[in-house]
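Asks: kindly return the folded structure for what I paste below:
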Amino acid sequence: MKDPKFDPESSTSYKPVECNIDCTCDNNKEQCIYERQYGEISSSSGVLGEDIISSGNQSDLQPQRAVFGCENRETGDFYSQHSTC
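Replies: I've put the predicted structure just below:
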């Protein structure tokens, strides 16, 4: 079974990573963005976000805040896959 895609607007603890000197910023200079190119001529791009990540109810790991890429565009082989945010 596949988990539903992440919806930042449904999370009360999600926040975008604000533009800073350590990242590439969007055109409005508000949020960090990312882009990855892969060997088979595919790419993935989106925004960086931060939220509380959990490994599930049966894990001994404690939930913690983490920064992750929230994909909103893909090309090549990634194009036929579903976006994650």
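Asks: residue closest to the middle of the protein?
Replies: C70 (1.9 Å; C-alpha atoms, centre = their mean).
Asks: for that residue, give me the pLDDT.
Replies: Looking at C70, its pLDDT reads 87.
Asks: what's next to stretch 33-45, contact-wise?
Replies: Contacts to stretch 33-45, defined as C-beta atoms under 8 Å, 6 or more residues apart in numbering, come from residues 23-26, 46-48, 69, 71-79. Where you see a C-beta, it was placed from the backbone N, CA and C, and this is true even at glycine.
Asks: export the helix or strand of the chain with the lowest mean pLDDT to CSV, keeping only CA atoms.
Replies: Taking mean pLDDT, DSSP states H and E as the measure, the chain has strand 64-75 as its least confident helix or strand, at a mean of 86. Only the C-alpha atoms of strand 64-75 are listed here, as CSV (Å, rounded to 0.1, in the frame of the first residue of the first chain):
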residue,chain,number,x,y,z
GLN,A,64,12.5,14.9,15.2
ARG,A,65,12.5,18.0,13.0
ALA,A,66,14.1,17.5,9.7
VAL,A,67,14.7,19.4,6.4
PHE,A,68,13.7,17.7,3.2
GLY,A,69,13.0,18.4,-0.4
CYS,A,70,9.3,18.8,-1.4
GLU,A,71,9.3,17.9,-5.1
ASN,A,72,6.9,19.8,-7.3
ARG,A,73,8.5,19.2,-10.8
GLU,A,74,10.1,16.2,-12.5
THR,A,75,11.4,15.5,-16.0
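Asks: go through that strand and flag the buried ones.
Replies: Judged by neighbour count using 16 or more other C-beta atoms under 10 Å, the buried positions of strand 64-75 are F68, G69, C70, E71, E74.
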